[in-house]
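Visitor: coordinates only, no sequence provided:
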Ligand code: 4NP
């Protein structure tokens, strides 16, 4: 799960997907394309919205996305088009490129809708992000259970 800062959207995506899959068979992680917050906890507003929805994401620490992630992961979900471009810029092969997906395409294929960045907005933006990611992760978990 990749966003810009790895403190707002992708930590929620990581926590939500982890809550829907078997950790013995699916490894879920998150990262940011920017490195400003490396080593930090998720944003307090993401921690709070996760808590209100029954999830704890306090064990997560921010890290930066690297080209090694193309080796380590089968699928790389990004939140918006700029994340997509930043991740694709690090791809070395067609296989790398094929791993990168806009997460909301899980619900509406090829529409390339974006999970809005809630960082500069109010608290409500975080619940909206949570709801979008919850629906997308439900789809991802459904697909994984069929594989
Ligand atoms: P995120 O939100 O990409 O959802 O984690 C942001 C967090 C921090 C910054 C930008 C976006 N920042 O510029 O520090």
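Guide: Arrived safely, thanks for sending. Because the structure is a prediction, the values reported are computed rather than measured. Numbering: from 1, shown residues only.

Visitor: pLDDT on stretch 3-10, on average?
Guide: For stretch 3-10, mean pLDDT is 98.

Visitor: chain center to that stretch, what's the gap?
Guide: Put simply, stretch 3-10 sits 7 Å off its chain's centre (Cα atoms, centre = their mean, to the nearest Å).

Visitor: write out the residues of this protein neighbouring the ligand.
Guide: By the rule Cβ under 6 Å from any ligand atom, the part of the chain lying against the ligand is 3-9, 32, 36, 117, 119. (Each C-beta comes from the backbone N, C-alpha and C, glycine too.)

Visitor: please repeat the previous calculation with a cut-off of 8 Å.
Guide: Listed as neighbours of the ligand in the chain under the rule Cβ under 8 Å from any ligand atom: 3-11, 32, 34, 36-37, 43, 46, 79, 83, 115, 117-120, 129.

Visitor: buried only: go through those residues for me.
Guide: Burial by neighbour count, 16 or more other Cβ atoms under 10 Å: within the residues of the chain next to the ligand this picks out 3-11, 32, 34, 37, 43, 46, 79, 83, 115, 117-119, 129.
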